[in-house]
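Q: For reference, the sequence and a predicted model appear below.
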Amino acid sequence: MKHVVLDFEKLYHRKPQITCFAPGRVNLIGEHTDYNGGYVFPCAIQMGIACAALKREDDSLRFYSADFAQSGVLEYRLGNLESRGCWADYPVSVVRAFAAFGYRLESGADFFFSGNLPEGAGLSSSAALEVVTGAVIRELHGIPVTRQELALAGQFAENRFIGVNCGIMDQFASAMGKAGHAILLDSNTLRYEYAPIGDAAVVIVNSGVKHSLASSAYNKRRSECESAAAALKARTLCRLTPEEFEEKKLLIPDKDCRKRARHAVYENRRALDAAAALKEGDLGRFGRLMGESHASLKDDYEVSCEELDFLVEKAQGLPGVYGARMTGGGFGGCTVNLMERGAVEAFLPAIQERYEERFGRRPEVYAVTASDGVGVRDA
């Protein structure tokens, strides 16, 4: 965090008032269920985005990101916060979300962001950016919002102003993470509980295939699920059990919509079963559920790709690996792998070599730890 403060001073020639950090997240299982009213099972990770900020006396908002240094400092006015089609749309949209929630800012601020989450990898860099912006605004202006409300503001910003119909999972994990634990979240009610990860190791492999959740494909999946729910006369798909779905599935006339619904319903059950397996210490069962999840994402939800399928297949054959699956929105990004801690050292070069041999490039691999959610950090 120290370099963020020093870099802020170098850029703005003043010292920041506040420094916050919001983590990225990896979802262990329960993919594309959050906007279908189901369960997800993510954990926050130690990688994320830091933000140093200082309140201004005028109405200027100035944003700078070390990760988009070529953009320079982007300046806005509180009275003109329209989208510009750039990275700063995310923090600007959070300011707009606060205003929509009744917290209109009276003055501007200078922001400096710096992160270590790879863009487009599916580790929720956008959610971390939204949540850390919300936390900084809360601290600078003394706004009485909880961490859970910061998550809701981030989701609102992305839905309303960015145009991505995401669920609550990414922002919730970034805001509410707990060290050493995953979060079983009911996205329908926002009830949640923590489950200790224990001795298992979590390793993320980045395929290097970038995706964009703002693409039409993501929003199309959500639309297909909504059509399926309407055909079944269900408020949300994940209110259905697999048994109920099998009984009614032919009421969904469109074959693709039926497949999307099948994934959502069964994935919701898998998330619950996986959380139970983790609590019982049955990591083998957890791993098998991860494999079933990936197959469903590949065949029913159709959001995988050749590179992700390859990484999952090869990981499942390596010693000490309980399970592997794609994680995140899909169309590229990362796989998440659950394994014995003693297997990590051999796993890293093995998966990299196999991938490089097949695709001609070496993937980045991250051994991650489950971490705390957003908060103020010491400089």
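A: Yep, that arrived.
Q: burial measure for residue 378, as a count.
A: By other C-beta atoms under 10 Å, 7 other residues sit near residue 378. All C-beta spots, glycine's among them, are computed from the backbone N, C-alpha and C.
Q: now swap in residue 338 and tell me
A: Neighbourhood size, residue 338 [other C-beta under 10 Å]: 23.
Q: One more: residue 193?
A: Residue 193: 12 neighbours (other C-beta under 10 Å).
Q: Skipping adjacent residues, who's closest to it in space?
A: residue 184 (5.2 Å; C-beta to C-beta, 6 or more residues apart in numbering).
Q: Just confirm that neighbour contacts residue 268, I think it does.
A: No. The criterion here is C-beta atoms under 8 Å, and residue 184 misses it with residue 268 at 11.6 Å.
Q: hey, what's in contact with both of the two?
A: Each of residue 39 lies in contact with both residue 184 and residue 268 under the rule C-beta atoms under 8 Å, 6 or more residues apart in numbering.
Q: between the two, who's got more neighbours?
A: More crowded of residue 184 and residue 268, by other C-beta under 10 Å: residue 268, with 29 against 23.
Q: and that one, what element?
A: Assessed by DSSP states H and E, residue 268 sits inside helix 255-279.
Q: In space, what's closest to residue 285 - neighbours in sequence excluded?
A: Closest residue to residue 285 apart from its sequence neighbours, by C-beta to C-beta, 6+ apart: residue 277 at 4.2 Å.
Q: no wait, residue 60
A: Spatial nearest neighbour of residue 60, excluding adjacent residues (C-beta to C-beta, 6+ apart): residue 108 at 4.3 Å.
Q: Residue 342 too?
A: Excluding the flanking residues, the one nearest residue 342 by C-beta to C-beta, 6+ apart is residue 320, at 6.5 Å.
Q: Compute the number of surrounding residues for that neighbour.
A: Around residue 320 there are 15 other residues, counting by other C-beta under 10 Å.
Q: sorry, back to before: which ones are touching the residue nearest to residue 193?
A: By C-beta under 8 Å, 6+ apart, the contact list for residue 184 reads 39, 40, 41, 192, 193, 194, 195, 271, 272, 275.
Q: Of these, which is the nearest to residue 9?
A: Residue 9 lies nearest to residue 194 out of those, by C-beta to C-beta, at 37.4 Å.
Q: Burial check on the closest one, number of neighbours?
A: Using other C-beta under 10 Å, residue 194 has 16 neighbouring residues.
Q: do the same with the one 10 residues further on
A: Look at residue 204: counted by other C-beta under 10 Å, it has 25 neighbours.
Q: could you check the distance from it over to residue 365?
A: 7 Å (C-beta to C-beta, to the nearest Å).
Q: just the strands in the stretch 151-300 of the chain please.
A: 181-186, 192-196, 200-206 (DSSP state E, counting those that start in this stretch).
Q: Export the ones you listed to CSV and append columns for distance to residue 345 and mean pLDDT.
A: Compiled in CSV, the strands of the stretch 151-300 of the chain are given as follows (distance: least, C-beta to C-beta, whole Å; pLDDT from 0 to 100):
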stretch, distance to residue 345, mean pLDDT
strand 181-186, 23, 96
strand 192-196, 23, 95
strand 200-206, 10, 96
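Q: Just tell me which of those ends up closest to residue 172.
A: Residue 172 lies closest to strand 181-186 among those, at 5.8 Å (C-beta to C-beta).
Q: what stretches of the stretch 51-200 of the chain score poorly on pLDDT?
A: Across the stretch 51-200 of the chain, residues meeting the criterion (pLDDT under 70) sit at 120-121.
Q: Check the burial of the residue nearest to residue 285 by counting its neighbours.
A: 21.
Q: which ones are touching it?
A: 283, 285, 286, 289.
Q: So which of the residues you listed is the closest to residue 376?
A: residue 286 (34.0 Å).
Q: Quick check, pLDDT for the closest one.
A: With respect to pLDDT, residue 286 scores 97.
Q: That one and residue 324 touch, don't they?
A: No. With contact defined as C-beta under 8 Å, residue 286 and residue 324 do not form a contacting pair (11.4 Å).
Q: Those two: which has the busier surroundings?
A: Shown here are residue 286 and residue 324; by other C-beta under 10 Å, residue 324 has more neighbours (28 against 24).
Q: What helix or strand is the more buried one located in?
A: Going by DSSP H and E, residue 324 is in strand 321-327.
Q: Only the C-alpha atoms, please, for that strand, written as PDB.
A: Extracted as PDB, the C-alpha positions of strand 321-327 are listed here (Å, rounded to 0.1, in the frame of the first residue of the first chain):
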ATOM      1  CA  VAL A 321      -5.600 -32.100  -7.500                       C
ATOM      2  CA  TYR A 322      -9.100 -32.600  -6.100                       C
ATOM      3  CA  GLY A 323     -10.900 -30.700  -8.800                       C
ATOM      4  CA  ALA A 324     -10.800 -28.000 -11.500                       C
ATOM      5  CA  ARG A 325     -13.200 -25.800 -13.300                       C
ATOM      6  CA  MET A 326     -13.500 -22.500 -15.200                       C
ATOM      7  CA  THR A 327     -14.400 -19.600 -13.000                       C
END
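Q: Need the phi and psi values for the residue nearest to residue 60.
A: phi -90, psi -170 (degrees, to the nearest 10).
Q: And residue 234, by the same measure?
A: Main-chain torsions, residue 234, degrees, to the nearest 10: phi -110, psi 140.
Q: What separation is there between the residue nearest to residue 193 and residue 30?
A: Separation of residue 184 from residue 30 (C-beta to C-beta) stands at 8 Å.
Q: can you check residue 285 too?
A: 15 Å.
Q: again with residue 185
A: Taking C-beta to C-beta, one finds residue 185 at 8 Å from residue 30.
Q: which residues are common contacts for those two?
A: Listed as contacting both residue 185 and residue 30 by C-beta under 8 Å, 6+ apart are 39, 40, 41, 42, 169.
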